[in-house]
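>>> Need coordinates for the below:
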Amino acid sequence: MINGCRSLSYDDRLERLGLTKLEDRHSRADMILVHKILNHKNNTYPLNLLQKSDRPGRVNCLKLFKPRSRLQMSGNRFAIRVIEQWNALPNRVVLSIDEKTFKKNLDTYMREIRGQL
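Numbers count the residues shown, from 1 in each chain. You can find the predicted model right below:
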């Protein structure tokens, strides 16, 4: 254990150490994978795993189509759970040229969002 952190809460420990929440790290990894899939950088997934919407969104022009699911269990699938988060990203993030630029823009956007909360 790190000295001085034993009595602190999870959030206080993260703040003191300069780390992000596990949930934020998972969502960042999901968005990076979506970017790779949409830009065909990762050929291990089927082409129709994520489908672009016919109608571009107000927030970003690479809006994904979210299929309806009757079962709650299917809502936890990768292809379903990432859609709302991806569709909420602004154009300056989703239209990044390469993966490095995408990560930088995504991190900046996530810091802005955390600052508003």
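>>> Please make it C-alpha for all contacts and neighbour counts, starting now.
Will do.
>>> from the chain's centre, how far out does the strand or helix carrying residue 27 sit?
Using DSSP states H and E, residue 27 maps to helix 22-38. With CA atoms, centre = their mean, to the nearest Å as the basis, helix 22-38 stands 4 Å off its chain's centre.
>>> Report the separation between the one residue sitting closest to the centre of the chain and residue 111.
Compute the mean C-alpha point of the chain, and by CA atoms, centre = their mean the closest residue is residue 31, 3.3 Å away. According to CA to CA, to the nearest Å, residue 31 stands 15 Å off from residue 111.
>>> now swap in residue 53 and tell me
Counting by CA to CA, the separation of residue 53 from residue 111 is 27 Å.
>>> and after the lowest-mean-pLDDT helix or strand in the chain, which helix or strand comes next?
Lowest on mean pLDDT, DSSP states H and E among the helices and strands of the chain sits helix 78-81, with a mean of 81. Using DSSP H and E, the helix or strand that directly follows helix 78-81 along the chain is helix 83-88.
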